[in-house]
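K.L.:
A structural model of the following input is requested.
(4 chains)
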4 protein chains.
Amino acid sequence: MCGIFGIYGHPQSALMTYYGLYALQHRGQESTGIVSCEKDELTGKTKFNYHKGIGLVSEVFKDEKIITEYLKGTSAIGHNRYSTTGALNRSNIQPFVVHYKNGNLAIAHNGNLTNTRYLRNNLQSEGTIFQSSTDTEIILHLIARSQKEDQIEQIKDALNQIEGAYSLVILTDDKLIAVRDPYGFRPLALGVTEDGAYVVASETCAFDLINATYIRDVLPGEIVVIDDEVLKTGKIKSFWIEKKIEKQAFCIFEFIYFSRPDSKIFGENVDKVRRKLGKLLAHEHPAPNSTEEDKVIVINVPDSSNTATLGFVTESIKLGNNVKIEIGLIRSHYVGRTFIQPQQNMRELKVKVKFNTVKGVLQGRRVVIVDDSIVRGTTSKALVKLIKDAGAKEVHFRVASPPIKFPCYYGMDFPTQDELIASRLNGDVEKIREELGVESIGYLSVEKLLEAAPKHLSFCTACFTGNYPTLIEEKPEKFEYEIFIKSADEKFD
Amino acid sequence: MCGIFGIYGHPQSALMTYYGLYALQHRGQESTGIVSCEKDELTGKTKFNYHKGIGLVSEVFKDEKIITEYLKGTSAIGHNRYSTTGALNRSNIQPFVVHYKNGNLAIAHNGNLTNTRYLRNNLQSEGTIFQSSTDTEIILHLIARSQKEDQIEQIKDALNQIEGAYSLVILTDDKLIAVRDPYGFRPLALGVTEDGAYVVASETCAFDLINATYIRDVLPGEIVVIDDEVLKTGKIKSFWIEKKIEKQAFCIFEFIYFSRPDSKIFGENVDKVRRKLGKLLAHEHPAPNSTEEDKVIVINVPDSSNTATLGFVTESIKLGNNVKIEIGLIRSHYVGRTFIQPQQNMRELKVKVKFNTVKGVLQGRRVVIVDDSIVRGTTSKALVKLIKDAGAKEVHFRVASPPIKFPCYYGMDFPTQDELIASRLNGDVEKIREELGVESIGYLSVEKLLEAAPKHLSFCTACFTGNYPTLIEEKPEKFEYEIFIKSADEKFD
Amino acid sequence: MCGIFGIYGHPQSALMTYYGLYALQHRGQESTGIVSCEKDELTGKTKFNYHKGIGLVSEVFKDEKIITEYLKGTSAIGHNRYSTTGALNRSNIQPFVVHYKNGNLAIAHNGNLTNTRYLRNNLQSEGTIFQSSTDTEIILHLIARSQKEDQIEQIKDALNQIEGAYSLVILTDDKLIAVRDPYGFRPLALGVTEDGAYVVASETCAFDLINATYIRDVLPGEIVVIDDEVLKTGKIKSFWIEKKIEKQAFCIFEFIYFSRPDSKIFGENVDKVRRKLGKLLAHEHPAPNSTEEDKVIVINVPDSSNTATLGFVTESIKLGNNVKIEIGLIRSHYVGRTFIQPQQNMRELKVKVKFNTVKGVLQGRRVVIVDDSIVRGTTSKALVKLIKDAGAKEVHFRVASPPIKFPCYYGMDFPTQDELIASRLNGDVEKIREELGVESIGYLSVEKLLEAAPKHLSFCTACFTGNYPTLIEEKPEKFEYEIFIKSADEKFD
Amino acid sequence: MCGIFGIYGHPQSALMTYYGLYALQHRGQESTGIVSCEKDELTGKTKFNYHKGIGLVSEVFKDEKIITEYLKGTSAIGHNRYSTTGALNRSNIQPFVVHYKNGNLAIAHNGNLTNTRYLRNNLQSEGTIFQSSTDTEIILHLIARSQKEDQIEQIKDALNQIEGAYSLVILTDDKLIAVRDPYGFRPLALGVTEDGAYVVASETCAFDLINATYIRDVLPGEIVVIDDEVLKTGKIKSFWIEKKIEKQAFCIFEFIYFSRPDSKIFGENVDKVRRKLGKLLAHEHPAPNSTEEDKVIVINVPDSSNTATLGFVTESIKLGNNVKIEIGLIRSHYVGRTFIQPQQNMRELKVKVKFNTVKGVLQGRRVVIVDDSIVRGTTSKALVKLIKDAGAKEVHFRVASPPIKFPCYYGMDFPTQDELIASRLNGDVEKIREELGVESIGYLSVEKLLEAAPKHLSFCTACFTGNYPTLIEEKPEKFEYEIFIKSADEKFD
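P.N.:
Predicted coordinates for the structure are as follows:
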């Protein structure tokens, strides 16, 4: 997963991008980068400046002068990359910046392509060299190879060849281009700042921070172009990817976990959907019966399940079960990229470093813990142990989404299928209950999940159902599939 | 404010201290340091190793080998320093390590002395040189100057001369010493690890992380000594500071804001006190009347007022006012030490970087916001504006502590008195309401505050009442009062 | 200018490359990098590891583990880049490493191509994207685009299209390839280590450091291939670039200034040539007459003219002019990349930081200063002033090479033609004398220069004569001619 | 060994100190630091700013702003520390800066005290704590402890108690003080800049760089004081240490090796003395007979024996032995602090990294190598092997100083006595010859050594003769004798 941001027509474009990326930090903490386009007033020539690095936005751009003195220009794009399992490589840090026949080109990508093996082979056989192991580089080569003369046509040419999930921001010498694939897997919103600059961002929380106003989403299959003309006329230019698809497939996991609750994605408040998930969960898998003498308490996993927990509790009470919401887990927010991992004999510490229990709250209680989802199950298991160690009599697990059983080929960074607890235990919920060591467990059904989401939209639920909306290449490339070039920066930065 | 930690008798004493300091990170984010005592098995000679730096624990000890290969030894102490207004100076980073007639000595201090001007003048006139501007260095000189031969007697000698607040951990060549001043201003807990090593820490959350068990608090006026004999016998050695005081004065602000909710301090769960503060606040300053058509929502300021808000809402409902708890503010946890500050014309951004509103929740609502305390008032004011901008009809402010009107001389890092909103507006609550721009405001009274805290204890409430439990030097030294030596590291690290 | 190194068949290939690059440090101090090829014993798959950075070899590879733990494998290549006037850009640091249809490919280049504008345009129009502004990247694209299947054929294909100066080391998954252009502009030597690994290096001083034995030069137009078969048989594979040229054109400036005196290049000891330059200079432009009462002293410019000065003095004495060699200038070797430059009013300091005079030696003397060459003239002028300030009665300048009047398109990093003092003053030696402020000046003639060099070889003297051995593109690209992408690392590293 | 610098009355005092320390870099490469005194124009209060670090001057002050923006003020002192065998410790980096009853105080020290054990014990028993393991800290404590009121009197008080070698610069809130011990072991020169600021420096080469004029040496036993009054009147204030000594004892090794040849120390040009050493050596131990057929060549060890070699050759020829000077060794100047050391099986590499031979020069020759001195003998031995490997028929070693047989207690950083080759082999020159593997060896005698040095001065020759001019404490402290506090910065910087 990744977060992308773009701006056109702002005197402090890099600073705005910095704030935008900061607001999107939750979408990627591994690495980040900003590219700005600077125009020489005298010659009219443009120069692309960039800075990229490993770490959080505030770390990589620690030296303020990089933003204020170096990354000059009135347009810019930026990218946050998610912390994947180890494929950290300096040459993979986005945005990518290159020079080709039509000038400079920078690109930032959220999503994952599904026909990269085919495309890469084709390109290589024609003599293309690759400098990264990302699918994003492929898009750049396809644009550069297009026989069309017009840049937008070149981009359309390229997009018509790629399959899978992609929300893109592209910066050229005179345009900002924002693209969303025809399925609309990943969100991408369009806005305008108080000064009249146009912005695009993965989520609207990036707009809130810089006082920009949300206009509308970039639509599935749309290519939005912002240039000086658009700044003048206020009429956004719109082109379309010529591709027939059966139906759109918005990623429902964005609502469940990935997006920030204060964002609006796919035209809907994330917070609202998450609350519904909690409410519907209370219907499908109610808390055990609470009595005045033996009050059942419901706790959240901060901060990911805060909203769903609130929905669950409210609905439980409305349904007549007088449970009590409590704060039973405290989350630490200081874990850094380089935290010293505990040795073997302190295995629990890994979870304890992130969560501590409030003993006074849990002791002697029947506890319902609401989480947004269960992936590997290891953290859930450790949390349950912590809660029981704190003296809870019973622990009942409630999950505001269905069991995750299938890999995601569209950019969600799940582990391999074998590592998914629901896949490993063949979806046998009783076995999951046993492994987690809880008194009861309840997952939301796919039907209820879809009920919580906006009804008029069409979603991808492949990770729960295995119904992939696109064709998937045999053995799809994942991360560094076949390119084995690694920089020492990965290890020794 | 600061966090301190010490351990004696553990093969990985530095690693344990690292985890302990990590758990105490909330007590100080400016700088951190660890000192370990390493014994040469052959010669029996001891060596003190240390590493200190500016930044979070995970940053300063980024290079794992510092902990695992360099800071060897079976005893260690550590310190986190709070981010004060600018007095960052490498030579002020604790623990301090020195060599004197009886060997090596390291010290870490939480609190603030109140007779430093007098002591410093005395020491200087006798020929002492100072290498830092901290009050802690004074303690070291007093110990070294003592005419006593026994180290514990030297320490008692020194402690008998100092006034104010001090929880200390001291490391010598063969002992770990933990001290709490006779008033007991700052907390200090004593525990034991699974392997039988003794630990002391500002709060018990540090014990939880390393699976240590809480034994008891270091008592006001007590000097606890841990040495090899204690490891063998299991009998902790205890000495006392010979000082008559009227009554103890535990810092009540530790319960209100500073300590972690999952800690036990002064023998009581922080979370429990905070919930009571919320409940009593609901009695003293109830939310406006909620109706089914125009439901009043109550929101927290994450994460500091989470527990008090829960208490407030539960009690409100119990009292018959059917308000609804909601998550209206989302907090970002990525703000780094070096975040690029927005320019003049983006003043609000400073608060927005930390908090964003959930518009769907707030729009058209009457909103009660519960906070733990108001210091300067600037953040509160900005939050109210954010909430109103998000469409709230009314905002009612509820504060789970009394107005802060007086400076703290015991280690709480408040701004100068002029900057305290309650002091600046002469405690006129109506004027505060006006300045914050809210429909109503309610502060908890000092009486109720004391009701929420453990009854059998005696507290310092000076910041609310001006009743200082100790004599205060005229013009007490604060930070770098009269020593003007500054390292460039402060600015260019 | 640059230094290149390659090794095949050594268990510590990266460490050997580190030492080799260190010995070649004088050929480039701006940036450096090493690529190693690591084979997985089980799968037989190869991985390319690299580390590159701005600074000296000892700085960039400061963390020993990069060499010993990370850059594993039995073959490796490395590159030192010269400090050009400002075109420092992280994406230009060599070696370049890419992946293409036949596997991994890394390349390091010493020299400069002269038809890059044409080639780049061609490649771009076919859809190639560029990630650096170097001519070296062009070679990679030409290899990848070749229709040939065999890798050596692909390389020949590419080399047949490029013009200009190039000594190359290329690393593939199973070979080390060393190439020298048909003119033989830049040196490239072949050797073998005590353990039987093959090495190539710009100069033989790199062999001396690692106890390798010089075998022979890579010949002009030759493509030397080292693979496992070569290791076994000991028979080096040799291929040839199919290109007719009129005659070879070895860079004579390598002898004059660039190479180390302890190296053998083009089959000849550099030190020997330099001594002859000094001797012939003594014939063409003798020192003023020395008498016992008014002894003329001859001083060197350390360390570049040490050998030529020795030759000059010996020959002068042999010719009957009893001059005396003296050390009149002391050179500082501590100037770092980031030395703080003096302000306007301390202009001389720039030279004084590098050179100081020995006053006792110079005072009241007639001084001959011998230098290897004069480029801009600014340093020479400042040196003359220093010497006169130290009390010299007269200063006579002797230059062991002809006036530099023309730009070098083959890789020598001269400033623009306008900045060359001899070009600016139209080769008028009297005007140069005047500008430098000396009593007399004498440059070696081109004829004598060629007399000093090995007679059986054919040299490029274009910088002195303007006779370029190859066609030169109109407005040849230099540095970042038309690609304007810049990384912030350039400025803020 | 160390280099010290001080300036008073210059608007850019820190920048001047930076240049001064840069010129004195040869006196210490381990660590460096600058302290400046900044006066608040309004309040008249002074602030001491400092920056210190491990590395070269250009590395530690890499960030220009430290010098130009941070280290403000019109007076400053600085220090370079020599790379000792391992006692690197951040808290030992000078200058030291402290605050005491009379204000701020900073000190930088070149030399070594000989009664530190006694003084340290005394001070500790009175309650002094130590934060470093240096003798310099002792001086600070003695000043602070003095009962005198006047600062100069306090300093005199302190100096009267210490024994050994010390050249000091001391900075106070309103003065620059320069001190040289009564024996005058270490040099210290006084000068004035073009702008009228006063400067002191270990050697005059520091004056040359900043265009300052040498006035005179600080005299043995003198305390020079520069303050605002001195700036106005131009009359330097001079005080004296009240201590009777037998005779002065200038360190003769400063002439032999340590000082720069372009410096004037003890009132004499270093270069001149070194030339005489070479000449006298030619008399005492002439080169073997040179013939036209079998010319003997004389080579230097760059750069330390350059001048002596020149003297040796000139005198040899004058004496009728027609030897020839040659450059047979090339020295690399790129070895960094962190150069990766070769493994066991590449032992020679350690010397080869620094020196390479010019084979064409040495092959088949009888070679005389002139060096300034031999300490351990390991480098000499390795050099001889290199020269023989390059084909030299014979190697004759000539040393421009006597055998070093005794430790230096006055600040010259020799290894322990056992490691000195001349001490280890009991001064048996034949055995030394054998160990080095040379055909002949010749050391200059102590008599001739003294003949080369200025006759009117009295020198310390203890390292050659064992005649120590002062009493030496039993088991004198060396480096970290008994204080075992170490910072991790030492290892992980």
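K.L.:
Can you name the residues that contact residue A:384?
P.N.:
When contacts are counted by CB atoms under 8 Å, 6 or more residues apart in numbering or on different chains, residue A:384 touches A:369, A:395, A:397, A:436, A:437, A:438. C-beta here means a position set from N, CA and C on the backbone, and glycine is covered the same way.
K.L.:
Give the rounded mean pLDDT of the helix or strand containing it.
P.N.:
Assessed by DSSP states H and E, residue A:384 sits inside helix A:378-389. For helix A:378-389, the mean per-residue pLDDT is 96.
K.L.:
In this structure residue A:115 contacts residue A:473, no?
P.N.:
Yes - using CB atoms under 8 Å, residue A:115 is in contact with residue A:473, at 5.4 Å.
K.L.:
does the residue lying farthest from the centre of chain A sit in a helix, a strand or a coil?
P.N.:
When distances are taken from the C-alpha mean of chain A, residue A:293 lies farthest, 43.5 Å away, according to CA atoms, centre = their mean. Using DSSP: H, G, I helix; E, B strand; the rest coil, the secondary structure recorded for residue A:293 is coil.
K.L.:
Pull out the buried positions in the helix holding residue A:384.
P.N.:
Neighbour counts over helix A:378-389 (16 or more other CB atoms under 10 Å in any protein chain shown) mark A:379, A:380, A:381, A:382, A:383, A:384, A:386, A:387, A:388 as buried.
K.L.:
rewinding a little: buried ones among the contacts of residue A:384?
P.N.:
Neighbour counting over these (16+ other CB under 10 Å) leaves A:369, A:395, A:397, A:436, A:438 as the buried ones.
K.L.:
Just the ones of the residues you listed in strands?
P.N.:
Among these, DSSP state E puts A:369, A:395, A:397 in strands.
K.L.:
filter those residues down to the ones close to chain B.
P.N.:
When these are checked against chain B using CB under 8 Å from any CB of the partner chain, none falls in range.
K.L.:
Columns pLDDT on top of the residues you listed, output as a markdown table?
P.N.:
Output for those, formatted as a markdown table (pLDDT from 0 to 100):
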| residue | pLDDT |
| --- | --- |
| A:369 | 98 |
| A:395 | 98 |
| A:397 | 98 |
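K.L.:
Please report the distance of residue A:143 from residue D:20.
P.N.:
Using CB to CB, to the nearest Å, residue A:143 is found at 57 Å from residue D:20.
K.L.:
Ramachandran angles for the residue farthest from the centre of chain A?
P.N.:
phi -70, psi -40 (degrees, to the nearest 10).
K.L.:
Residue A:264 now?
P.N.:
phi -110, psi 120.
K.L.:
burial count for it?
P.N.:
Neighbourhood size, residue A:264 [other CB atoms under 10 Å in any protein chain shown]: 23.
K.L.:
Return the set of residues that bridge with it.
P.N.:
residue A:269 (DSSP bridges).
K.L.:
what's the pLDDT at it?
P.N.:
pLDDT at residue A:264 comes out at 97.
K.L.:
residues in contact with it?
P.N.:
A:189, A:203, A:204, A:214, A:270.
K.L.:
Could you pick out the buried ones from the residues you listed?
P.N.:
A:189, A:203, A:204, A:214, A:270.
K.L.:
out of those residues, who's nearest residue D:58?
P.N.:
residue A:203 (46.4 Å; CB to CB).
K.L.:
so what's that closest one closest to, chain neighbours aside?
P.N.:
If the residues on either side of it in the chain are set aside, residue A:203 comes closest to residue A:263, at 3.8 Å by CB to CB, 6 or more residues apart in numbering or on different chains.
K.L.:
Pass me the low-pLDDT residue ranges in chain A, would you?
P.N.:
Residue ranges of chain A with pLDDT under 70: A:83-89, A:336-338, A:343-347, A:474-484, A:489-493.
K.L.:
How is it partitioned into domains?
P.N.:
What automatic domain parsing lists as the domains of chain A is A:2-249, A:272-333+A:340-455.
K.L.:
Tell me what residue A:170 is bridged to.
P.N.:
Beta-bridge partners, per DSSP bridges, of residue A:170: residue A:107, residue A:177.
K.L.:
hmm, back to that, max pairwise distance over the contacts of residue A:264: which two?
P.N.:
Taking CB to CB, no two of these sit farther apart than A:214 and A:270, at 13.3 Å.
K.L.:
Could you grab the helix/strand/coil label for residue A:7?
P.N.:
Applying three-state DSSP: residue A:7 is strand.
K.L.:
What degree of burial does it show, as a neighbour count?
P.N.:
31.
K.L.:
wait, which of the domains of chain A is closest to residue D:230?
P.N.:
Here domain A:2-249 is closest among the domains of chain A (CB to CB), at 41.4 Å.
K.L.:
if we can go back for a sec, kindly indicate which of the buried ones among the contacts of residue A:264 lies nearest residue C:76.
P.N.:
Taking those together and measuring to residue C:76 by CB to CB, the closest member is residue A:203, at 44.9 Å.
K.L.:
okay but the closest one is in contact with residue A:187, surely?
P.N.:
Yes - using CB under 8 Å, residue A:203 makes contact with residue A:187 at a distance of 6.3 Å.
K.L.:
okay, and the common contacts of these two?
P.N.:
A:259, A:265.
K.L.:
Need the max-distance pair from the contacts of residue A:384.
P.N.:
Maximum distance among those (CB to CB): 12.0 Å, for A:369 and A:437.
K.L.:
returning to what we had before: neighbour count: residue A:143 and residue D:20, which is higher?
P.N.:
Using other CB under 10 Å as the criterion, residue A:143 and residue D:20 rank with residue D:20 on top: 31 against 25.
K.L.:
what about that one, which SS state?
P.N.:
helix.
K.L.:
From residue D:34, how far out is it?
P.N.:
Taken as CB to CB, the span from residue D:20 to residue D:34 is 10 Å.
K.L.:
which neighbours do those two share?
P.N.:
Between them, residue D:20 and residue D:34 share the contacting residues residue D:78, judged by CB under 8 Å, 6+ apart.
K.L.:
what ranges do the helices span in the stretch 301-450 of chain A?
P.N.:
Listed in chain order, the helices of the stretch 301-450 of chain A (DSSP state H, counting those that start in this stretch) span A:306-318, A:349-352, A:359-362, A:378-389, A:421-424, A:429-436, A:446-452.
K.L.:
Mean neighbour count, those: which tops it?
P.N.:
Most buried of those by mean neighbour count (mean count of other CB atoms under 10 Å in any protein chain shown) is helix A:306-318; its value is a mean of 24.
K.L.:
For that helix, name the packing helices and strands.
P.N.:
helix A:270-284, strand A:296-300, strand A:324-326, strand A:366-371, strand B:324-326 (3 or more CB pairs under 8 Å, 6 or more residues apart in numbering or on different chains; DSSP states H and E).
K.L.:
export these to JSON lines and tack on distance to chain C?
P.N.:
Conversion of the helices and strands packed on helix A:306-318 to JSON lines gives the following (distance: least, CB to the nearest CB, whole Å):
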{"stretch": "helix A:270-284", "distance to chain C": "34"}
{"stretch": "strand A:296-300", "distance to chain C": "41"}
{"stretch": "strand A:324-326", "distance to chain C": "48"}
{"stretch": "strand A:366-371", "distance to chain C": "39"}
{"stretch": "strand B:324-326", "distance to chain C": "43"}
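K.L.:
I'd like those written out as TSV, with distance to residue D:425 added.
P.N.:
Shown next, in TSV, are the helices and strands packed on helix A:306-318 (distance: least, CB to CB, whole Å):
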stretch	distance to residue D:425
helix A:270-284	83
strand A:296-300	79
strand A:324-326	82
strand A:366-371	77
strand B:324-326	88
